Every structure is written in structure tokens, then in C-alpha cells.
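what's the 3D shape of this:
(chains A and B)
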2 protein chains.
Amino acid sequence: MGKGLVSRTEDYSQWYNEIVIKAGLADYSAVKGCMVIKPYGYAIWERMQRALDDMFKETGHSNAYFPLLIPKSFFSKEASHVEGFAKECAVVTHYRLKNSPDGIVVDETAKLEEELIIRPTSETIIWNTYKGWIQSYRDLPLLINQWANVVRWEMRTRLFLRTTEFLWQEGHTAHATAQEAIEETIRMMDVYAEFAEKWMSMPVMKGVKSANERFAGAVETYCIESLMQDGKALQSGTSHFLGQNFAKAFDVKFLNKEGKSDFVWATSWGVSTRLMGALVMTHSDDEGLVLPPMLAPHQVVIVPIYREEEQHQKINEVVSKLKKEFQTENIRSLYDDSDNRSPGWKFAEHELKGVPVRLAIGPKDLEKGTVEVYRRDLKKKEFVSIDGITAYVKNLLNEIQQNMYDKALAFRNEKMVKVDDYSTFKDILEKNGGFLLAHWDGTSETEEKIKEETKATIRCIPLNNEKEEGKCIYSGKPSQQRVIFAKAY
Amino acid sequence: MGKGLVSRTEDYSQWYNEIVIKAGLADYSAVKGCMVIKPYGYAIWERMQRALDDMFKETGHSNAYFPLLIPKSFFSKEASHVEGFAKECAVVTHYRLKNSPDGIVVDETAKLEEELIIRPTSETIIWNTYKGWIQSYRDLPLLINQWANVVRWEMRTRLFLRTTEFLWQEGHTAHATAQEAIEETIRMMDVYAEFAEKWMSMPVMKGVKSANERFAGAVETYCIESLMQDGKALQSGTSHFLGQNFAKAFDVKFLNKEGKSDFVWATSWGVSTRLMGALVMTHSDDEGLVLPPMLAPHQVVIVPIYREEEQHQKINEVVSKLKKEFQTENIRSLYDDSDNRSPGWKFAEHELKGVPVRLAIGPKDLEKGTVEVYRRDLKKKEFVSIDGITAYVKNLLNEIQQNMYDKALAFRNEKMVKVDDYSTFKDILEKNGGFLLAHWDGTSETEEKIKEETKATIRCIPLNNEKEEGKCIYSGKPSQQRVIFAKAY
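Numbering: from 1, shown residues only, chains lettered A, B, ... in the order given. Here you go, the predicted structure:
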């Protein structure tokens, strides 16, 4: 069983890679750092996209599409943005190839006057466009999202977690007031948190980033942070209040109701295929993927067990009726009736692929009017009467969705501990990982020192944080609140 | 009214550009040849995507995602493919920028060993990947589609019709036999034709391309061709039978049921945002867009007309009830209740944007229990009792969808004429355009001569073509069937 996955305790990192590959989520590609998202992985991503897209639209946003290529000079326009994004990126310098005795070569006569950068993020090209779209307060707010691919040249890559090209959505909104923009920033962080908790069964901490970890060009970065099973944090979504930085860089002004001209206020927010990595690492076990029912391409797999064709036919009849019932109840089911694999092989396969519920039906079940029901999350088996099985399964799927969340939350809470001295801090970080709630003096210097010495960063200053007098674990200077430190992906 | 669009007869090309811009479908961008798809245009594209995606899934396909960047050497592997695609394309040569006294410059130390090409189409990278996925007949057929952006460096661009970057879907399937692959090729052409006719109300001719117009690397290219209002053809979708060309180029073999090794058979097929251009040019008029209800973001717009707030409140109540009824019937409606625009302005705006049905409700309507109903396709107004208006509108939307198809079909049929001599051919082409059904001797030389002299190309050899003895209009040589000539976008 389990297709010989390495266990989590043996080698967490290898366990992760093996699941991603063997469960058919993704594959390496011929291009360094770029991945192929395989059909099974893409089907999960599509469900994520659909749910998020619905939430964006419910909150008033529309989708649009902006160019992949950005003129190099655009990156110089926002001072801090250039530092963060214009460095490791793919640069297009030519627009033609030609034949030569050595094969196909770049045509040196087809050199671009200005190099084009494959978007690492689209603030610059979008704000350059918004300049033409915004004249007065009547044009605001402008609430736009884009689903796109982006490229950030990465030296060390991991499937889903850090790839040179990845898929994401990026919202870019324009507002008449700072207040409105801040509300939007928080609203979208809340949307991300709701998506993570409801759809992915993944608990998150909401908070704001320290200056060091802030998005290049933002005034404030809000985020959701989740905790993986190895005790490392994973930033799962960010929402930025950009102030008037990009409006100033691209000269985007509007006439307000009083007829006065002012720069526009901005936000941007995004989640990416990184969430796929978070999903795997939050729930999966040594047998393979464990998928929350709301995102599982197949929520139920049905495996027939028989020796004679007559039995097979009878099972087919039962399943045919069952599948119709499932469809009526919007339960996504798969009948794995392929005849070139054994039931045992199929069990292991669907276990690896994390199908939430498995039903097995054999001749004895037909006699007794039962079905063998296996739930992936608890790896528990039971026999259930086939009468009312649809309602049973529907309820079970909800239970699994909730149970996965509860389990992940219990794990996260257990690993979220208050620490008051630096030696304990280092000790827990080393042995246990987790979210360490510690006092910090608020300076970038201290944060950098702690990062150098322990690799831990401030994941966020939790929202609605309890105020508490204390001393910075590193400098001993006074602090009014605890922040979350963790090693992170 | 009409926001001062140039008329079609005055300047068809400018009329098209103005509609695209003024109706909010797309905008020019800062990058030469690249466009911005605006929210209203993108909402139409999303509906196209959803409908096509559902059809692909119904025919057994799954989505996946392959890298944007392709190693240069891949293009040399399939001999004819390289000629067609490796020429005008965006070449990534470096992966880092750096600061210099002159601003941001390309870091020459970060030069790629092998240049990467932004995909102009993905056959090469996908078949390189399939090599690892296909071992035996059990792995076949492999039925995968990808929604993606592609880049083809174009010198002359037109919004939607020909842009350097565009959005599309590309299906790439692998089969055990030639027969199966050919069936798949035709199936997907049929899916495209069904989509065009049912969803876009756009009649198409199905056929195969001549050798000159065939996809680079294909054995046979099937296509759907539609006719625009200026008498020019627009290729609206292609489906290619690739034989074993890519399997041989990338060494993709499989073990068949008899245990013998053979190369895999392939297809690829695609439609793009070009369809947006086809949609505009098939139906729109001098007042603006005309959208088929099935693709319209808003199928119905409701405009209130009032002088006093009391009237306004009463209208609001009626509309509130109406909108609920519409929602129950899956009619997408918009209540344009903004108070800073006059009803006249709103009428012109929604006319320009092609909303299929407009309802206007004023104080007199409230008294009489009526609604003013305006249908965009025929520009006809009538008063309808508000009782049963939902059923009336639902029926009207179906009627509009059908009427738009019928009208476009009548236009296309009128412009599809048999021509038997070259001088008439040139004459009709010049004065009238259209699909010219003419005999052709089957040679590339003749096709090229005709193209040189008239700019007309063979759009397709129609499927299920009537056999008929005749003489080539150009060479006088014998021919067994007529083919479709036209000037094309």
C-alpha cells in the first residue's frame, strides 16, 4: 500500500515531492524551475479558482486581462518596487529566430529597443493602464482581478511552493480614499481566510507583516499564515494597501466630488498555485494525499469486487442507480470499473490520490444490502446499509470537511506557544518548529538578527492582537504585543 | 446616440476599432501589439470559456498546464513546425536586471545558456512531456486541454484579431491509432462549429485546409470559417491531425495490446480571443455591439424613468420583484439605477454595449401596468404587460439568439456564390467579397498565384463537398470539386 512513499518523519521534504509526483498533481518540466500541472492537480486548482472567483465577484470585482510583457522602464517608476521585483526576472531581448548553419539562432537584427520583462507581478502595467481609465470619482472604485501566469526567476525551486513560473490571481483596485482602500485590503484578506478555512479546511492566522516582510511598494501588507505538519509556516495569501505609491509613480489622479484633484488610493492582493502545496502539507499522511471533500475532483470512488461476470453485472446495476442519486445530490463520484487492475491496486491508488470516501461493493454486500464505506481522513472502515447510503455519504463528506479542519486547527494550536526567552525560543524552533508567540522590540535590526541566527522570521503581527507588556526576547527592550515567529517556506 | 461611431460603410476597419474601444471590450496597451482585455470584454470571453470548457469535459478532456517558456532547441525537432513557428517569437535571453548609473539594465552575467522562447503554441513542450507519461496502450488516449496565453510577434496588429499576445485554449491529444486521432480531430472541429453556431449565433463552414494553409507540422488541418459583414472570411477555429510527426520528433512510443512498440498518434486544436473579434464583426451595427443573449454579460438592462422620488421608489419596488423573478429563471439582469446619468445617456450606452433586451419603466407604465421592451437586434420597441413579463423576456431572449443566427446565415448564404471564370472571380471579390465557390486544380502554385493577384486564399475545402466536374478558374485544369476562396483576416 501507499506506493512506497517515504514517511513524513523519515524525510518530510522527500515525502512532499513524492506525493506531488505520485498522486499525479504535478511533474517536473524540461525548463529549469518550471513545472507541469497534471490533470489531477489542475482539477483541484480549478475548483480553488472557481470558489475564489465566485467570492471575488460576490464582493464586487470583475476580471480583466493585462499584458504578460512589461517595458523594463516601468519597474524604475516606483522606488521600492524595483528593488523587490526587477531583479530576478525573465528578460525578452529579441523577437525573431533565424536559420543558420548551426541550426536555429537568435536573429541579432531583431533586437528590441527596450527590453520587455515577463511580469513578476502587474502593478506597474496595470497602474499605467488605470491612468487612462480614471478621471473622476465616478470611475471609482475600480475593482479588477486578473487570473494569470507570472515568472520570478528562482534559483531553488520546489513543486508548487516555489517555481519560476506560477499561476495566480492578482486583484488591483483603485479608490477615492485611503479609508476605502484599507477596508478593501482587509476585506480581501478576510476572503482569503474564509476560503482557506472553509474550502481547504486549513486554519490560518490573519495579521500584518513587519516592514522587512512587506511587499515592495506597499504601505501595509496583510496576510494569512498557515502552519504545515513539519512545523514550518507557509504564507498563503497577501493583501496590500499600496497607499498612493503607484498612483504617484504613474501619475493617476482623479477629480473628487468637490472638484479637487488627488492621487488615487490602491490595493493589490493575490494567492497562487502555492496553495496547492499548502493543501498537500496541511492534511496528507504517509499513505498519500488527503483531500477536503469540497476541493476533491472525486469525492467518492466506487470499487466493484467480483469473481464472476454475473456478480459484476449486478454490481453495475446497483452502482448505476447510486451514481444517479449522487448526481442529484451534487456528489462527485467515480466508478472505477477498469478491468485491468485489481481491487487492492485501486484501493491503494485512490488512497494515494486522497479521495475522501471509498465505497466497495462485493457479492456479500449484494446479499446483505450493504456497502463497505472507507473514509480517507481517519482511515476507518465500516459497513453501511445501502438504503439511505446517499444521505449517509453526503453527511459523511461534511463531517470529513469539518474533521480535517478541526484536526489541523488542533495541530496548529498545539504548536502555537508563547515563548519569553531567546534560548527557549531557539530550542523550540529547532526541535518542534511551530508558531512562536514572542515579544519583539519592533525594529528591523532585531528581526534581521533573529533571522540570521535562527532562520525564523516574523510571519505576522496578528490582527486584533492582545496588548501585553513584555520584553523583546532578543534585545530585552520593551514591547506591547507578541508577534508570530516561525521558520517559513 | 451611438456615441458617434463611424458607420460600417464609411470605414469598416475604423468602425470595428471604435466598437471594441468604446463598448469597453479592450484597450491598447503600453506594449506594442499587446492589448488589455477590459472587464466587459473579459466577461464575454469568460462565458465563451465556460461554455467551451464544459463541451471539452463532456467529450472526455481534462485541463492541465504546461510551461510558458520553451527551450529554443525544441523548435528544431519537428522539421516543418520550425518553419511555421520558430521565427517571429519572443526570445528570453537573460534572467536578471541590475542597477547601474543609467538606471536598470540587463545583467550580462545572467545570460541563459540556451535561450527560452515564449510559447507561440505548445506542441513541442507538451510532446516532450508526454514522452514520460505514455508507456502502453493503457495510457491512451490522453485527452488534455490547456487554457493559456501565447505570444507570436506580429508586425501589424488589430485588437482581438491579431495581437502579439493572445489568450486561447489548446487541446493536445495522444492516441493508439490514426483512426482514433482523426475521429478526435473531427470531433473537436464539430465542437467548435456547435459552439460558434449555438452560443455565438455565428454560422460556419466546416472544411479542411489546403496544403498551403495547413498548420506547420500537421498532416491535415480541419477548420471552421465564418464570414464577416465586410465580406472577408475569418478563420475561427482549427483542429489538426498531426499524424505521428510530433511523436517521432520527441520519440514518444507505446506498447500496443499485442506488445508491439509504435509511435503515438496526435491531434491539437485551438480557438482564441480572436473569436471576440468574430463576434463583434458578425453581428454589430452602426449603433454598436449586438450580443447574442447566451454570451451577453447582462441579457437585460432595466432603466427607470422618473421625475419625483416617490415615482422612483415605486419603480424600485417593481424592479426588485422583477429581478428576483429573472434570477429564478437564470436571466442575467442589470438595474441601471445610477443617478448621475440621464435615461437617454443610459439607452445609448447599453445600445453601444449590445445588451440584448432593454426594459424601461416610467410613471405611465406603473399606471398602466406595462413595460417598454426594446430588443437590440431588430431595434424594435413595444409595450408589454408587466404580468408575465419574465416569461416574455425569456422567450424573447431565445428568439433573439435564433434571429441573430438566421440573419447571419442569410447574409453568409447570400455572399456564398459559385464562380466559374477568373474575371468574374476578381470582380466579385473586389466589389462584394464573400465566399467564392470555385474550381481549383489542387496545386499550391495556382493557389499562390491567385493569392498574389487577388489576395484571396483558399479558406477550406468544405466537408462533405458535392463532387462536380469542372475546370480550375485559374489554370483551366480539371477539378472534381469547388473550394471556398475569400479574402481573409
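
and residue A:115, that one's in a strand?
Yes: per DSSP: H, G, I helix; E, B strand; the rest coil, residue A:115 lies within a strand segment.

Look at the closest residue to it other than its chain neighbours and report its pLDDT.
Closest residue to residue A:115 apart from its sequence neighbours, by CB to CB, 6 or more residues apart in numbering or on different chains: residue A:72 at 4.6 Å. Any C-beta I mention is one placed from the backbone N, CA and C, and that applies to glycine too. In this model, residue A:72 is scored at 94, pLDDT.

in the stretch 101-250 of chain A, which spans are helices?
A:123-133, A:178-198, A:245-249 (DSSP state H, counting those that start in this stretch).

before we move on, back to that, just list the residues touching the residue nearest to residue A:115, thanks.
Residues near residue A:72 by CB atoms under 8 Å, 6 or more residues apart in numbering or on different chains: A:86, A:91, A:114-117, B:97, B:104, B:106.

among the helices of the stretch 101-250 of chain A, which is nearest residue A:235?
Among those, helix A:178-198 comes nearest to residue A:235, with 10.8 Å by CB to CB.

So which elements touch the closest one?
Here helix A:178-198 touches helix A:39-58, strand A:165-175, strand A:205-208, strand A:220-227, strand A:233-243, strand A:265-272, going by 3 or more CB pairs under 8 Å, 6 or more residues apart in numbering or on different chains; DSSP states H and E.

May I see those arranged in CSV, with mean pLDDT, mean neighbour count and distance to residue B:35 as well?
Formatted as CSV, those follow (pLDDT from 0 to 100; neighbours: other CB atoms under 10 Å in any protein chain shown; distance: least, CB to CB, whole Å):
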stretch, mean pLDDT, mean neighbour count, distance to residue B:35
helix A:39-58, 98, 18, 22
strand A:165-175, 98, 23, 17
strand A:205-208, 98, 21, 36
strand A:220-227, 98, 26, 31
strand A:233-243, 98, 25, 25
strand A:265-272, 98, 26, 21
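
Between these, which one is closest to chain B.
Nearest to chain B, of all the helices and strands packed on helix A:178-198, is helix A:39-58, at 3.7 Å by CB to the nearest CB.

how far away is residue A:388 from residue A:371?
Applying CB to CB, to the nearest Å, the value for residue A:388 to residue A:371 is 11 Å.

Show me which of these two is the more surrounded one.
A count of neighbours by other CB atoms under 10 Å in any protein chain shown puts residue A:371 above the other of residue A:388 and residue A:371, at 22 against 9.

Which residues does the helix or strand hosting that one contact?
Using DSSP states H and E, residue A:371 sits within strand A:370-375. Strand A:370-375 is contacted by residues A:356-362, A:364-365, A:380-386, A:389, A:392-393, A:396, A:400 when judged by CB under 8 Å, 6+ apart.

Provide the strand pairings for that strand, with the direction of each partner.
strand A:357-361 (antiparallel), strand A:380-385 (antiparallel) (DSSP bridges).

Let me see the mean pLDDT of that strand.
Average pLDDT, strand A:370-375: 98.

for stretch A:148-155, same thing?
For stretch A:148-155, mean pLDDT is 94.

Using PDB, write down the CA coordinates of stretch A:345-352.
Listed next in PDB are the C-alpha coordinates belonging to stretch A:345-352 (Å, rounded to 0.1, in the frame of the first residue of the first chain):
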ATOM      1  CA  TRP A 345      -4.400  -1.800  -6.600                       C
ATOM      2  CA  LYS A 346      -7.400   0.500  -6.900                       C
ATOM      3  CA  PHE A 347      -7.700   0.900  -3.100                       C
ATOM      4  CA  ALA A 348      -4.000   2.000  -2.800                       C
ATOM      5  CA  GLU A 349      -4.300   4.300  -5.800                       C
ATOM      6  CA  HIS A 350      -7.300   6.200  -4.500                       C
ATOM      7  CA  GLU A 351      -5.800   6.300  -1.100                       C
ATOM      8  CA  LEU A 352      -2.700   7.900  -2.600                       C
END
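
name the helices or strands packed onto the top helix by length along chain A?
Using DSSP state H, we find that the single longest helix of chain A is helix A:389-414. Packing partners of helix A:389-414 (3+ CB pairs under 8 Å, 6+ apart): strand A:220-227, helix A:274-283, helix A:309-328, strand A:357-361, strand A:370-375.
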